[in-house]
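*Asks:* Model the structure of this input:
(chains A and B)
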Amino acid sequence: MPHAGLKTIIALSFVLAVGFLLVILSCALWHNYHPLLVVATYVIAPIPNWVCGHCANPDDFVDGSGTAVVVDLGRFCTGFLVVMGIALPIILAHSDLISVGAMAMSVVGGLLIYGTIISFGMFFQEEQEF
Amino acid sequence: MSDDRLWKFRKPAWMNSAAARTAGVYGSGGLFSLAFYTFLDSAIWSKSSLNGSDVHVTFIDWLPLIFSSLGMLIINSVEKARLADDSWSYSGSGVAWKARVVLFLGFAALAGGMAGGVTVFVLKYVVPGVGMPMMGMGIENVVANALVGSSSVVLWTAQRLSLPQETKLIRWMSMETGDWAWGTKNQWANLGYRRGRSETNN
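*Replies:* The predicted model follows:
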């Protein structure tokens, strides 16, 4: 991992702010607050991964492949939630609950927010000892 | 790699990396999400103001998706290693037989869900001659069930990728006998040592 410094923090927080701006604008411009669900989705998306990562005992390998099944379950749920964040605005727009402009803004904003969360985790991950 | 392979083309090396396995599991979750929200889209659209017709998504439309998801859950909950276990003393009492029966039920539910999706599409949308924007609800039903199937295929494949053998030696103490010995992770796992105290040499 590249060394993370102050510039990284500033850049990440800037991107996060732009992401939130886009999502909130997509709600406020049309006075329709459904797209806020995207933020909630992306905020809870890393949680299954994190919880299951802590549940897995590093000495516990149930199958021979060296990865515990609980970790796979967490990854599955995280993958589910990430795609959900993109799918929700599209569904809402398809049923005319939000406009297409709001859909585009909330998808882009949501991806920015999730990208920030992921890169924050990657930059500031502590080295794990087995 | 073993030399007893059947096909001329060998599996590319990247397919056996841990990264490919992780990507497969994430991708499987994404595909399942896509399936669920494809179907949810049809259910929401059915109740929205855009749907001017009398055709609505009811519980009948949900059933195929429920069955395919149930099938996927069953298939991927079975420990695949138990399938070939009957000759092995550690897993007596016919575990492999049970695993085959449960897997069969899972595949039946998955295939039944897919067939059910097509059935609903034909009986509810094609035969009465429903027009196109309403027909989309039936198409989304079929697509969602196909996506659940592909999601479970991806998950199954990812979990069966053979990872490069770990060669790091670990010292293990058996909880039963209290003996210490050296071996790799997989050797201990194959011996049935699930838990114990471990020390690593670097």
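*Asks:* where do the strands sit along chain B?
*Replies:* Counting by DSSP state E, chain B has strands at residues B:169-173, B:180-184, B:197-200.
*Asks:* Just the local confidence number for the nearest residue to residue A:76 once chain neighbours are set aside, please.
*Replies:* Using Cβ to Cβ, 6 or more residues apart in numbering or on different chains and skipping residues adjacent in sequence, the residue nearest residue A:76 is residue B:29, 3.9 Å away. For glycine as for every other residue, the C-beta is placed from the backbone atoms N, C-alpha and C. pLDDT recorded at residue B:29 is 93.
*Asks:* where's the closest residue to residue A:74 other than its chain neighbours relative to chain B, distance?
*Replies:* The shortest distance from residue A:74 to any non-neighbouring residue, by Cβ to Cβ, 6+ apart, is to residue A:52 (2.8 Å). Distance, residue A:52 to chain B, by Cβ to the nearest Cβ, to the nearest Å: 11 Å.
*Asks:* okay, residue A:52: pLDDT?
*Replies:* On the pLDDT scale, residue A:52 is placed at 84.
*Asks:* Correct me if wrong: it contacts residue A:46.
*Replies:* No: using Cβ atoms under 8 Å, residue A:52 makes no contact with residue A:46, being 10.9 Å away.
*Asks:* Flag every buried residue along whichever strand or helix holds the residue nearest to residue A:74.
*Replies:* Using DSSP states H and E, residue A:52 maps to helix A:46-55. Along helix A:46-55, these residues count as buried under the neighbour rule (16 or more other Cβ atoms under 10 Å in any protein chain shown): A:46, A:48-49, A:52.
*Asks:* give me every residue that touches the closest residue to residue A:79 other than its chain neighbours.
*Replies:* Among residues not flanking residue A:79 along the chain, residue B:29 sits closest, at 2.7 Å (Cβ to Cβ, 6+ apart). Residue B:29 is in contact with A:75-80, A:82-83, B:151, counting by Cβ atoms under 8 Å, 6 or more residues apart in numbering or on different chains.
*Asks:* Of these - the most surrounded one?
*Replies:* Greatest neighbour count in the contacts of residue B:29, by other Cβ atoms under 10 Å in any protein chain shown, goes to residue B:151: 27 neighbours.
*Asks:* I appreciate the help and will end here.
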